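Colleague: Let's see this in three dimensions:
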Amino acid sequence: MRYIPLLLLLLQGGLLLGGGAVAARPAYHWGLRQASRLRARTEWQRHCHEGVASDRPGRPALWLRIPSCGIDDLVLSDDTTANLARHACLVRGAPPVILGHRDTHFRKLRKIAVNDSLEVQQLDGREQRYRVTEIEILPVDRANRRLHEHRDPESMVLMTCHPFHYIGAAPNRMLVWIRPV
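Modeller: The predicted structure follows:
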């Protein structure tokens, strides 16, 4: 009987420590993303001042603004795991694809609609306006084939996993096709 309060106290302490450990990882990654966002504007301005575009992985590639979704963020070159943890990433090709995680950078992309406008600013300061022409939700294998089938040289694609509130590896991809205005 004397040991029951002690056991309950130990159990409570263990549960608190366990809960803290479970919450620590997402909190850590959230903190990294927030710190990266704060540095993004400064990093972008520094690279724009240099005026030198680079395809080196991790370097700024462009700045993406989608007013209807509240997206206003740096896009890095190359889609490595480390880069995607920080920002959306540009994969150069035909068509160019901007990739972002559905639960971080492109979370707000679920609000996008056909005919929404967006802006892409290049490192040399040029800004190009785009308009959303099509939104597709496709299985992963079909989405990859669709990207290779589409050969419009002026199109660009924003791509993220779908559905947005899925737990685990999502079965589909959301492709947002955009064209210059």
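Colleague: need the strands for this protein, in chain order.
Modeller: Ranges of strands within the chain are 60-66, 71-77, 88-91, 97-99, 117-122, 127-139, 156-162, 172-180, based on DSSP state E.
Colleague: where's Asp152 relative to Leu17, distance?
Modeller: 55 Å (Cβ to Cβ, to the nearest Å). (Each C-beta comes from the backbone N, C-alpha and C, glycine too.)
Colleague: From what I see, Val157 and Val97 are in contact.
Modeller: Yes. Here Val157 reaches Val97: they are 4.7 Å apart, a contact under Cβ atoms under 8 Å.
Colleague: Looking at those two, which has the bigger crowd around it?
Modeller: Val157 (23 against 17; other Cβ atoms under 10 Å).
Colleague: Identify the bridge partners of that one.
Modeller: Beta-bridge partners for Val157, by DSSP bridges, are Val97, Trp177.
Colleague: in stretch 69-76, what counts as buried?
Modeller: Using 16 or more other Cβ atoms under 10 Å as the burial criterion, the residues of stretch 69-76 that qualify are 69, 71, 73-76.
Colleague: closest to Thr104 among these?
Modeller: Asp73 (10.1 Å; Cβ to Cβ).
Colleague: per-residue pLDDT, Ile112?
Modeller: For Ile112, the model assigns a pLDDT of 93.
Colleague: Numbering from 39 from now on, please.
Modeller: Got it, first residue is 39 now, which makes that one Ile150.
Colleague: Let me see the mean pLDDT of stretch 129-144.
Modeller: Per-residue scores along stretch 129-144 average to 86.
Colleague: same deal with stretch 60-79?
Modeller: 71.
Colleague: same thing with stretch 41-49?
Modeller: The average pLDDT for stretch 41-49 rounds to 77.
Colleague: I'd like the C-alpha coordinates of it written as PDB, please.
Modeller: In PDB, the C-alpha atoms belonging to stretch 41-49 read as follows (Å, rounded to 0.1, in the frame of the first residue of the first chain):
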ATOM      1  CA  TYR A  41       4.400   1.800  -2.600                       C
ATOM      2  CA  ILE A  42       1.300   2.600  -4.700                       C
ATOM      3  CA  PRO A  43       1.600   6.400  -4.500                       C
ATOM      4  CA  LEU A  44       5.300   6.000  -5.500                       C
ATOM      5  CA  LEU A  45       4.500   3.700  -8.400                       C
ATOM      6  CA  LEU A  46       1.800   6.200  -9.600                       C
ATOM      7  CA  LEU A  47       4.300   9.100  -9.400                       C
ATOM      8  CA  LEU A  48       6.900   7.100 -11.400                       C
ATOM      9  CA  LEU A  49       4.200   6.100 -13.900                       C
END
